[in-house]
Each structure stands twice: as structure tokens, then as C-alpha cells.
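Trainee: kindly return the folded structure for what I paste below:
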Amino acid sequence: MKASEAKSASLYLAFAVLVLIVLSAGLLAWKYLTAEVSGRVNAEVQLESAPSRIANYESYFDQCAAIQGYEAALAAQRSSLSGLSGDDASRVKTVIAGISAQRSRAIAQYNVDVRKDYTKARFLDSGLPKAIDDKSESTICAN
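Mentor: Purely as a prediction, here's the structure:
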């Protein structure tokens, strides 16, 4: 191989490496510039997928049913409290306080999920409440 051919081959190789570097940089720049748009599209596709829609829709019914379960447990504990005294009454009062706290947390989570307009709230059934009042004694989950 002549010196001029070797020099020409090394120039072609250097040019090829330079082209690969420029193309790689261009691809990274393109990904960077379109990341927000593609991220929004991917998020929307994920939200609107069947498994996501079903899970989000059913979660409101599950949360509301859990709140009703806490209310039933509170009613049962309160009715058993009337015939008790001393340590037994104290234990039942402690149980009532614990169930009340669980109910309050469940209501707070439900109310937070209802306000997630972009993601979860769009799947709230029209028969379910838009918000649950923590001070009310009973919750109606469906009209």
C-alpha cells in the first residue's frame, strides 16, 4: 500500500468516525428536544390503557367500600361499648379511636384521589361522591 493510499484510507476512517459522532449527537439532541412531547403522549397512552382505566375506576369503589367497612366496625364497637365498664370499656374506646383514625385516613386518600384531575379523577363513577365528609357518620357509595 502506498503512502498516499494509507493517508486516504485514514482520512476516510476519520471522516466516518466524525459522521458517527455528529449523528449520535444529533440523535441525542432530537431526543432531548422531543422528550416533553413524547413523555406526555406516553403518559396519556398509559393512562388510557384498559388495565389502567379499570384499576383506577375500581379503586374508587374499593376505597368507598373500605370507608363503609370502617363505619360498620365503628357502629359495632359503639354498640358493644354500652354494656361495658372499666378495662373492657377502655379497650373498646381504644379500638374505636383506632378505627376512627383508619376511617379518616381512608377518607383523606379518597378525597385526594378525587382531586387528581389529570390522572385518576377522570375515572370517577358519576354515582360516587365527589368528596366524602369526615364528619358525617355514614357514607353512601353509589346513588
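Trainee: shaky segments in this protein?
Mentor: Flagging of the chain using pLDDT under 70 yields the residue ranges 1, 47, 143.
Trainee: recalculate using a threshold of 90.
Mentor: 1-12, 26-60, 80-89, 116-131, 133-134, 136-143 (pLDDT under 90).
Trainee: care to break it down by domain?
Mentor: 1-47, 53-143 (automatic domain parsing).
Trainee: how about JSON lines for those, with mean neighbour count added?
Mentor: No exception for glycine: its C-beta is placed from N, CA and C like everyone else's. Shown next, in JSON lines, are the domains of the chain (neighbours: other CB atoms under 10 Å):
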{"stretch": "domain 1-47", "mean neighbour count": "10"}
{"stretch": "domain 53-143", "mean neighbour count": "14"}
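Trainee: please, where are all the helices along this protein?
Mentor: For the chain, the helices defined by DSSP state H cover 3-47, 50-81, 86-114.
Trainee: now those in TSV, with distance to Glu137?
Mentor: TSV is the format used below for the helices of the chain (distance: least, CB to CB, whole Å):
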stretch	distance to Glu137
helix 3-47	35
helix 50-81	7
helix 86-114	11
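Trainee: looking at those helices, which is nearest to Asp125?
Mentor: helix 50-81 (6.3 Å; CB to CB).
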